[in-house]
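Engineer: Coordinates for the following, if possible.
(one chain, ligands or ions: 1)
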Amino acid sequence: MPDKMSTHQSEDDARNENILIYLNGKIVAKDQAVVSVYDSGFMLGDGVWEGLRLYDGTWAFLDDHMDRLFQAMKAIDLNMGLTREGVIGALLETQKANGFTTDAHARMMVTRGVKARPFQHPGLSRSGPTFTIIMEHSRPKLPRPIRLATVPHMRGLPMTQDPKLNSHSKLNCILACIAAEKAGADEALMLDVNGFVNTTNACNFFIVRKGEVWTSTGDYCMNGITRQKVIDLCRANNIPVFERNFSLVDTYDADECFLTGTFGAQTPVSQIDGRQIGDGKAGPVTLRLRNLYKELVAREAVQ
Ligand SMILES: Cc1ncc(COP(=O)(O)O)c(C=O)c1O
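Structural biologist: Purely as a prediction, here's the structure:
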């Protein structure tokens, strides 16, 4: 199968067939890593997750990821029965079991656990949470520029499904991605409730105009850790950066566009709704920020 173009593009790695998975306190083989059909995550999308990356022996921005995970669990009233140190311990145990030292990606997932009956009420989730960590070999590389298409789907609103929750239920984002693929693109560009450019279905979104870096206000998108690092890097390096409303008119005509996320770091965008962005390749500001981000990760690793 040809590699699908997306921000999660990565080479298939045969070693990932033999990885070990953390499941409720045990390390198990991939084919043994199964959860019940009564699991709240499987049945209802009732759970939250975090994606982390290992660079040179260090899980990048681990504190930020732990803050966000514990914030999300508090918001959905899920007590996983582990402290922060316990969660980090599980991550390190999984890393050790797999012998990873660098270039790995972890997806940490917590659900409300196995339900007593196949119905929605959270009171039926009585057996305690399900906690699992999938850790795969994943080499970071400059992703190929991707094509976006705008779609009618939105991330949730604060009073529906708050966009700042990394919820197990990604259905609205998946529908957005399907719509974008059917329009001939790789990933969806989603607008906010007022029609301003907001996010993609899996990453935060930035444009570059005349040397200035613009991203959405942040009100309607995931509070991406990579997004915040890019904003901080701009500020520290005298690159003008603005969190503001902007529309597709500003976006089609941008000099560069790029996405941010833990998995792909900074991913250039070549085309949006059939309009080429810049010269269709990663632009100078995107490449500079990618290098600054790499340096930041390396600095974190030696601390
Ligand atoms: C919708 C969405 N936006 C943005 C991101 C990127 O966030 P981060 O930079 O923390 O990986 C993610 C990944 O969790 C996401 O699911």
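
Engineer: Which residues of the stretch 101-250 of the chain lie near the ligand?
Structural biologist: Applying C-beta under 6 Å from any ligand atom, we find that the stretch 101-250 of the chain lies next to the ligand at 166, 173, 199, 202, 203, 204, 222, 224, 225, 226, 227. Every C-beta, even on glycine, is put in place using the N, C-alpha and C of the backbone.

Engineer: could you list every residue that touches the fifth one?
Structural biologist: The neighbourhood of residue 203, defined by C-beta atoms under 8 Å, 6 or more residues apart in numbering, consists of 7, 187, 224, 259, 260, 261, 264, 267.

Engineer: Output those in TSV; the columns should cover neighbour count.
Structural biologist: Converted to TSV, the contacts of residue 203 look like this (neighbours: other C-beta atoms under 10 Å):
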residue	neighbour count
7	21
187	27
224	22
259	27
260	26
261	21
264	24
267	28
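
Engineer: Tell me which two of those sit farthest apart.
Structural biologist: Greatest spatial distance in these: 187 and 224, 14.6 Å, computed using C-beta to C-beta.

Engineer: Give me the distance between the top helix by length along the chain and the centre of its chain.
Structural biologist: Ordering each helix of the chain by length in residues (DSSP state H) puts helix 284-302 first. With C-alpha atoms, centre = their mean, to the nearest Å as the basis, helix 284-302 stands 18 Å off its chain's centre.

Engineer: and it, which residues are buried?
Structural biologist: Within helix 284-302, the residues scored as buried using 16 or more other C-beta atoms under 10 Å are 285, 286, 287, 289, 290, 292, 293, 296, 297, 300.

Engineer: before we move on, what about stretch 186-194?
Structural biologist: For stretch 186-194, a neighbour-count test (16+ other C-beta under 10 Å) marks 186, 187, 188, 189, 190, 191, 192 as buried.

Engineer: out of those residues, who's nearest the ligand?
Structural biologist: Closest approach to the ligand among those (C-beta to the nearest ligand atom): residue 190, at 8.6 Å.

Engineer: what about the closest one, is that helix, strand or coil?
Structural biologist: Following DSSP: H, G, I helix; E, B strand; the rest coil, we place residue 190 in the strand state.

Engineer: Any figure for the gap between it and residue 177?
Structural biologist: Distance of residue 190 to residue 177, computed by C-beta to C-beta, to the nearest Å: 10 Å.

Engineer: anything in contact with each of those two?
Structural biologist: In contact with both residue 190 and residue 177: residue 201, using C-beta under 8 Å, 6+ apart.

Engineer: And for residue 62, the neighbour number?
Structural biologist: 17 (other C-beta atoms under 10 Å).

Engineer: quick one: contacts for it?
Structural biologist: Residue 62 makes contact with 52, 88 under the criterion C-beta under 8 Å, 6+ apart.

Engineer: how close does it sit to the ligand?
Structural biologist: Distance, residue 62 to the ligand, by C-beta to the nearest ligand atom, to the nearest Å: 12 Å.

Engineer: cool, residue 29 as well?
Structural biologist: Residue 29 is 27 Å from the ligand, by C-beta to the nearest ligand atom.

Engineer: Residue 212 too?
Structural biologist: Distance from residue 212 to the ligand, by C-beta to the nearest ligand atom: 21 Å.

Engineer: from what I can see that residue touches residue 242, true?
Structural biologist: Yes - contact criterion C-beta atoms under 8 Å: residue 212 and residue 242 qualify, at 6.5 Å.

Engineer: On the strand side of things, show who the most centrally placed residue in the chain bridges to.
Structural biologist: The structure's the chain has its C-alpha centroid closest to residue 261; by C-alpha atoms, centre = their mean the separation is 5.1 Å. Counting by DSSP bridges, residue 261 is bridged to residue 265.

Engineer: So which residues make contact with the helix or strand encompassing residue 205?
Structural biologist: Per DSSP states H and E, residue 205 falls inside strand 204-209. Contacts with strand 204-209, where a contact means C-beta under 8 Å, 6+ apart, come from 189, 197-199, 213-216, 221-222, 224, 226-227, 230, 246, 250-251, 253-261, 283, 285-286.

Engineer: mind running it again at 6 Å?
Structural biologist: 199, 213-215, 221, 224, 227, 251, 254-260, 285 (C-beta atoms under 6 Å, 6 or more residues apart in numbering).

Engineer: Kindly indicate which of the residues you listed lies nearest residue 157.
Structural biologist: Among these, residue 221 lies closest to residue 157 (C-beta to C-beta), at 11.5 Å.

Engineer: The nearest residue to that closest one once chain neighbours are set aside: what's it in contact with?
Structural biologist: With sequence-adjacent residues excluded and distances taken as C-beta to C-beta, 6 or more residues apart in numbering, residue 221 is closest to residue 199, at 3.9 Å. By C-beta under 6 Å, 6+ apart, the residues touching residue 199 are 155, 190, 205, 221.
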